[in-house]
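Novice: Model the structure of this input:
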Amino acid sequence: MTEVFVSYKRENLAAVGRLVEALRAEGIGVWWDQDIPPNAAWEATIEQALEAAKLVIVAWSPASVASENVKAEARWARAQGRLLQVFVEACEPPLFFGERQGVDLKHWSGEAADAAFRALLRAVRTGLETAPAAGAGLDSPTDTVAPPLPSKPSIAVLPFANLSGDPEQDYFADGMVVEIVEALSRIRFIFVIASGSSLSLKGKGVSAQDAARLLGVRYVLEGSIRRAANRIRIGVQLIDATNGAQIWTHRFEDTLEDVFALQDRVALAVAGQIGPTVQEAEIRRASARPTENMGSYDLYLRAIPPVRTYAEEAVLQALDLLNRAIVLDPEYGSALSLAASCHYLIVNYRWSADPESNRRQGIELTHRAIKAARDDAQVLAGAAHCIAFFERDLDAAAVLAERAVALNPGSALARMSNGLVRLRSGDPDLAVEHLETARRLDPIGPDHPAYLSFMGMARLYQGRFAEAVALEKEVAQQNDAPLPHAVLAASEAHLGHAAAAQTALARYRSLSQTPIEDFARAYSRDPVQLKLWLDGIAIAEGRGPSGIDDASVEP
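Specialist: Model (predicted):
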């Protein structure tokens, strides 16, 4: 009978083999992957053995800490209340596993009388007596009917673990939960469980997956707080409760000079990361579904990746998906706003035989989006961008962009939209501040190339041509859109790099039908900024800056 499943990395085969032999000699039923028979299905056999075991021993070492398979098995065991940890080599355990005591077997030679092994044996026997039955989580409230999942992404912030050994720090841990819930509540496309319900689970030993079932959510955020002197470490991890997978983790370290300011900073940073992380997880989920009979929300999710390519065929495909989403729900603000952005790209790059029709549709969709979702920061951010382009009303666009930031200061998209509006209105310094904040809030997300590209445009406007080139080259490696090549052409020309400027100009013209001078005018209403761009283009074409007599902003 399988009582104990051993998770390890092959680099530690000898040490783990000694442990398996010693436990079996004590009458413990142990399973490890050396027991897999020939020709058996590897993954299925391991999964069956893992689910059948009452306890899971994870052997930590630098190799196993780096192994996604070992960490996945450890997370599953911890969620089920079946985890025991041993250390076979010196290492720092993964985030959230250092909070649990482990048995030090780094110097164990295999002797059954060794004190460390006897301590592990006692823990195993105790664990086997108290472990939940296979298939049930620790303290799982199996008699409770789970609420149905909401139609949009749903999340609960579980009580943070106070690892400081100081009960006085419980107030800080609870306050951190309240602040994060408040920050997440500003993200309109996420359903957030109130902090009162989350904190009611404190001290009850409910696993993350059982808590998600109880509260009726797809995602849970776990956290821990450890204080040492005047410094504090806060760890957080986001879990998809449908499969127990960890999809995001982070660690914050700071001083306790201003507790409330620290809570605000962490809450803002967490909200800024969770928004795009959850959206990406939802996009993957929607994309894996069959394409028939999809709801408006899933059609919207499927449209996001192709829009981010900024490629003609992909954007047109996205617009078709969004039009279908809007037919199903004519008041769906997010779909209306993203469809308006598609029309913006079509007009800006002249991908249509009738750009005026696309312009009218873009304006109509933008105002419908504002009316339908005037309290959604993401919708207002997209609307601000479209108002600035389609209607050239920078004052109205600035109001929308500022409102988006006020509604959700942790929204990278709201910050980017604000930066772009400031670029168009002739304030590149303020634009850079917003764009830098967007980059900090979303440092590796799929919108990162857009932040970099607009930052490169700001550097062009500031006359910092080498920085503009470096940024746009990085963007061009990730996303072959017209914009980075247009900025590159002007910046390289100002630096005297004629060949590079001509190459960038040719690439832009292969991607967009819009004359590059008109394209530049669409991105700035400031004559000084515009002249820098147009002069660069003239130099790239061999005409020299004197070839530009009119830097007016009207195309």
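
Novice: any low-confidence regions in the stretch 251-400 of the chain?
Specialist: Scanning the stretch 251-400 of the chain for pLDDT under 70 picks out 259, 285-294.

Novice: now the strands for the stretch 151-300 of the chain?
Specialist: Using DSSP state E, counting those that start in this stretch, the strands of the stretch 151-300 of the chain run over 154-157, 161-162, 191-192, 219-228, 231-240, 245-255.

Novice: deepest of the ones you listed, which one?
Specialist: Mean neighbours per residue, mean count of other CB atoms under 10 Å, is largest over the strands of the stretch 151-300 of the chain for strand 154-157, with a mean of 26. Every C-beta, even on glycine, is put in place using the N, C-alpha and C of the backbone.

Novice: partners of that one in the sheet?
Specialist: strand 191-192 (parallel), strand 219-228 (parallel) (DSSP bridges).

Novice: if we can go back for a sec, can I get the strands of the stretch 151-300 of the chain in CSV with distance to S200?
Specialist: What follows is these, written out as CSV (distance: least, CB to CB, whole Å):
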stretch, distance to S200
strand 154-157, 11
strand 161-162, 16
strand 191-192, 15
strand 219-228, 14
strand 231-240, 19
strand 245-255, 24
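
Novice: Which one, of the ones you listed, ends up nearest to V6?
Specialist: Ranking the strands of the stretch 151-300 of the chain by their distance to V6 (criterion: CB to CB) puts strand 245-255 first, at 21.2 Å.

Novice: thinking again about what came up before, what about the strands of the stretch 151-300 of the chain, which gets the closest to A44?
Specialist: When the strands of the stretch 151-300 of the chain are compared by CB to CB, strand 245-255 sits nearest A44, at 18.3 Å.

Novice: What strands line up against the closest one, and which way round?
Specialist: Strand 245-255 has these strand partners (DSSP bridges): strand 231-240 (antiparallel).

Novice: Just the CA trace of the partner strand, in PDB.
Specialist: Extracted C-alpha coordinates of strand 231-240, given in PDB (Å, rounded to 0.1, in the frame of the first residue of the first chain):
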ATOM      1  CA  ARG A 231      12.400  45.100   8.300                       C
ATOM      2  CA  ILE A 232       9.500  43.000   6.900                       C
ATOM      3  CA  ARG A 233       9.300  40.500   4.200                       C
ATOM      4  CA  ILE A 234       6.000  39.900   2.400                       C
ATOM      5  CA  GLY A 235       5.500  37.000   0.000                       C
ATOM      6  CA  VAL A 236       2.500  36.500  -2.200                       C
ATOM      7  CA  GLN A 237       1.500  33.900  -4.700                       C
ATOM      8  CA  LEU A 238      -1.500  33.600  -7.100                       C
ATOM      9  CA  ILE A 239      -3.000  30.200  -7.600                       C
ATOM     10  CA  ASP A 240      -5.400  28.800 -10.100                       C
END
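
Novice: of the strands of the stretch 151-300 of the chain, which approaches R459 most closely?
Specialist: Closest among the strands of the stretch 151-300 of the chain, once you apply CB to CB, is strand 245-255, at 29.0 Å.

Novice: where does that closest one sit relative to the chain's centre, distance-wise?
Specialist: 12 Å (CA atoms, centre = their mean, to the nearest Å).

Novice: So what touches that strand?
Specialist: Counting by CB atoms under 8 Å, 6 or more residues apart in numbering, strand 245-255 makes contact with 71-72, 75, 95-96, 219, 230-240, 262, 265-266, 269-270, 273-274, 277, 281, all of which sit outside it.

Novice: Likewise for stretch 300-320?
Specialist: Applying CB under 8 Å, 6+ apart, the contact partners of stretch 300-320 are 279, 282-283, 285-287, 294, 321-322, 325, 332, 334-335, 338-339, 341-343, 345-346, 349, 351, 446-447, 450, 479-483.

Novice: D393: neighbour count?
Specialist: Residues near D393, counting by other CB atoms under 10 Å, number 12.

Novice: shouldn't it be in contact with I387?
Specialist: Yes. If you go by CB atoms under 8 Å, D393 and I387 touch, sitting 5.7 Å apart.

Novice: Phi first, then psi, for the closest residue to V469 other than its chain neighbours.
Specialist: Nearest residue to V469, sequence neighbours excluded (CB to CB, 6 or more residues apart in numbering): S491, at 4.9 Å. The phi/psi pair for S491 (degrees, to the nearest 10) reads phi -70, psi -50.
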